[in-house]
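Trainee: Model the structure of this input:
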Amino acid sequence: MPSDDERTITVGLVADPGLPSEVAAGLVDGLPGELAARVSDDVRWRVDLRTEALTLDADGNIPIVERARAHRPAHGWDVLVCITDLPRRLGTQPVIGELNAEESVVLASLPAVGSVRLRRHLRDTIVYLLDVLTQHRPLPGVVRRRGPAELMSPVRHRENPRQDIDASITLVGLRGQVRLLAGMVRDNRPWRLVPSMSSALAAAMASAAFGVFFSTIWTMADALSPLRLAGISLFTVCAMVAWLILYNGLWERRRTRDLPGESVLYNVATVLTLFLGVTCMYVLLFVIVLTASGAVIAASYMSSQLGHPVGFTSYAKLAWLASSMGITAGALGSSLETEDAVRQATYSKRERERRERRRQQEKADEEAEGQRSSEDD
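Mentor: Numbering: from 1, shown residues only. Here you go, the predicted structure:
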């Protein structure tokens with residue numbers, strides 16, 4: 001245990017606004033105890049938190065060395081931990097962390113942490129990175145008496161071609177790829193799609209209401225099996241996802257400068273984000289239609305139209321089919337939303353920033369190609 005006159009190591013956390021800052025805020029109180037238990041208890045650990053946008057350089061990277069040189073002297077921090085929601089990859093492997101030992105700075109990538117129990121996994125990641133940092137360059141007063149900290153997923157230490165990075169910690173295997181993908185989707189927050197696309201939701205509700213008031217739809221829903229209704233639901237959700245992607249230009253084309261599988265990763269994340277978002281809209285629509293049909297349609301009247309006694313199942317099947325009709329109309333209603341509004345609803349701030357940078361690069365490439373063609377002529 002540290003004595004009163006022993007050194008205090010101050011760890012500064014600088015987190016991107018949004019989810020990284022929210023998760024990091026829950027670590028401030030408990031992180032010192034974890035560092036004492038798993039890295040070294042020969043010093044006192046103190047943790048400070050600042051929320052600040054971690055801007056990118058011209059290459060799309062976060063210059064953590066510049067951050068360390070600016071923040072550590074200004075705030076009296078011994079170590080800087082940058083927490084970002086920017087996905088990082090080295091080759092085909094997801095990067096969960098990067099470090100520079102000389103400047104005592106590490107970077108933790110929140111998407112690689114995964115999509116569940118974010119606070120616990122981010123805490124473990126920070127402890128692991130600081131433990132690795134002390135192996136490269138021991139901090140004053142820190143005596144490592146324990147074995148190395150461990151993460152739940154297997155990792156590999158790799159050299160990074162960037163001069164400002166001493167080592168990158170990458171996830172290995174299919175599990176690592178899935179964790180990164182799940183983290184990217186979680187960071188996009190698919191459920192935000194519902195309140196952000198008011199035109200699509202209004203069109204969906206209007207079309208679903210048609211099914212509630214027309215007995216022909218009752219008969220059709222009653223005749224369909226649950227399996228067929230499920231198939232119709234899946235088809236309509238997928239159709240709306242495809243429409244949103246194609247109409248708003250959300251599909252990324254592969255470029256020669258891309259890392260292997262990069263465009264595939266981002267496109268899969270887009271599809272999953274929209275699929276979950278549209279599914280949330282479908283569930284909300286189903287609940288509204290089920291409630292409305294139960295309030296508007298008397299059981300005796302529905303029974304007379306269908307020719308048999310009705311119960312909850314009959315109302316649920318009606319709401320099921322009507323919701324599928326509504327989602328189909330919702331796809332058309334989404335056309336009234338601007339492309340920027342759809343991107344705002346679909347992607348996190350960091351992902352929108354990456355896509356905007358990519359569009360600017362593609363535009364510059366096209367202009368350069370056109371200029372070369374003109375010179376050749």
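
Trainee: Residue 176 should be in a helix, yeah?
Mentor: Yes. Counting by DSSP: H, G, I helix; E, B strand; the rest coil, residue 176 is part of a helix.

Trainee: Contacts only, for it.
Mentor: Residues near residue 176 by C-beta atoms under 8 Å, 6 or more residues apart in numbering: 93, 94, 112, 153, 154, 170. All C-beta spots, glycine's among them, are computed from the backbone N, C-alpha and C.

Trainee: So which of those residues sit within strands?
Mentor: Mapping the contacts of residue 176 onto strands (DSSP state E) picks out 93, 94, 170.

Trainee: got the residues you listed as CSV, with neighbour count, pLDDT and distance to residue 133 columns?
Mentor: What follows is these, written out as CSV (neighbours: other C-beta atoms under 10 Å; pLDDT from 0 to 100; distance: C-beta to C-beta, whole Å):
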residue, neighbour count, pLDDT, distance to residue 133
93, 21, 87, 20
94, 26, 90, 20
170, 24, 88, 16
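
Trainee: What separation is there between residue 344 and residue 334?
Mentor: Computed as C-beta to C-beta, to the nearest Å, the residue 344 to residue 334 distance reads 13 Å.

Trainee: higher neighbour count, these two?
Mentor: More neighbours surround residue 334 than the other of residue 344 and residue 334, with 24 against 14 (other C-beta atoms under 10 Å).

Trainee: my read: the more buried one touches residue 198, true?
Mentor: No. Look at residue 334 against residue 198 with C-beta atoms under 8 Å: they stay out of range, at 10.1 Å.

Trainee: re earlier: could I get the contacts of residue 176 in TSV, plus columns for distance to residue 235?
Mentor: As requested, those are exported to TSV (distance: C-beta to C-beta, whole Å):
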residue	distance to residue 235
93	36
94	33
112	34
153	36
154	39
170	39
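
Trainee: of all these, which two lie farthest apart?
Mentor: With C-beta to C-beta as the measure, no two of these lie farther apart than 112 and 154, at 12.8 Å.

Trainee: Give the intersection of the neighbour lists for the two.
Mentor: Residues touching both residue 112 and residue 154 (C-beta under 8 Å, 6+ apart): 171, 176.

Trainee: At the geometric centre of this protein, which residue do we find?
Mentor: Residue closest to the average C-alpha location in the chain (C-alpha atoms, centre = their mean): residue 187, at 2.2 Å.

Trainee: Next up, identify which helix or strand that one is on.
Mentor: Secondary structure assigned from DSSP states H and E places residue 187 in helix 173-188.

Trainee: now residue 272
Mentor: Assigned by DSSP H and E, residue 272 belongs to helix 262-296.

Trainee: what comes up buried for that helix?
Mentor: 262-263, 265-267, 269-279, 281-282, 284-286, 288-290, 292-293 (16 or more other C-beta atoms under 10 Å).
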